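Peer 1: Sequence and computational prediction follow.
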Amino acid sequence: MSVDEIKKQMPKTDTITDLADLFKVLGDQTRQKILFALEKKPLCVNDICECVDMTKYAVSHHLRLLKDAKLVKGVRDGKEIIYSLDDEHVSQIFECALLHVMER
């Protein structure tokens, strides 16, 4: 494959920016812990707080960033919101990255 062919296939700058922003969101240890917990099971904020040993305020802040990045979603269940991974792609990204790190 030639350099010109590679350049033609290169994603647009906006797409590369969005990808970089996604990795920035994923680059936080607390958000990684939250994703790990949600990969196992949908949880309410209080359960997430217990899993990551943080306050409700701090967890809510991280959940907002994860929601904005379309990595998690929330569904109301009575007075609580149950959070889960947004779709199977999020699980695949997280699992693939974890496997990569653990094979070293």
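Peer 2: Received it, and whenever you're ready, just let me know what you need.
Peer 1: Downstream of the helix or strand hosting Lys73, the next helix or strand is which one?
Peer 2: Using DSSP states H and E, Lys73 sits in strand 72-77. Downstream of strand 72-77, the next assigned helix or strand under DSSP H and E is strand 80-85.
Peer 1: Which strands or helices does that following strand pack on?
Peer 2: Using 3 or more Cβ pairs under 8 Å, 6 or more residues apart in numbering; DSSP states H and E as the contact test, the elements touching strand 80-85 are helix 29-40, strand 43-44, helix 45-52, strand 72-77. The C-beta positions use only the backbone N, C-alpha and C, and glycine is treated the same way.
Peer 1: and with 7 Å instead?
Peer 2: Counting contacts by 3 or more Cβ pairs under 7 Å, 6 or more residues apart in numbering; DSSP states H and E, strand 80-85 is packed against helix 29-40, strand 43-44, strand 72-77.
Peer 1: Present these as JSON lines; the columns should include mean pLDDT, mean neighbour count and distance to Ala97.
Peer 2: Formatted as JSON lines, these follow (pLDDT from 0 to 100; neighbours: other Cβ atoms under 10 Å; distance: least, Cβ to Cβ, whole Å):
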{"stretch": "helix 29-40", "mean pLDDT": "96", "mean neighbour count": "17", "distance to Ala97": "9"}
{"stretch": "strand 43-44", "mean pLDDT": "98", "mean neighbour count": "16", "distance to Ala97": "21"}
{"stretch": "strand 72-77", "mean pLDDT": "96", "mean neighbour count": "14", "distance to Ala97": "16"}
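Peer 1: if we can go back for a sec, quick check: angle from the strand holding Lys73 to helix 45-52?
Peer 2: Angle of strand 72-77 versus helix 45-52, following axes from the mean of the first three to the mean of the last three Cα atoms, to 10 degrees, is 140 degrees.
Peer 1: how much does strand 72-77 deviate in direction from strand 80-85?
Peer 2: 150 degrees.
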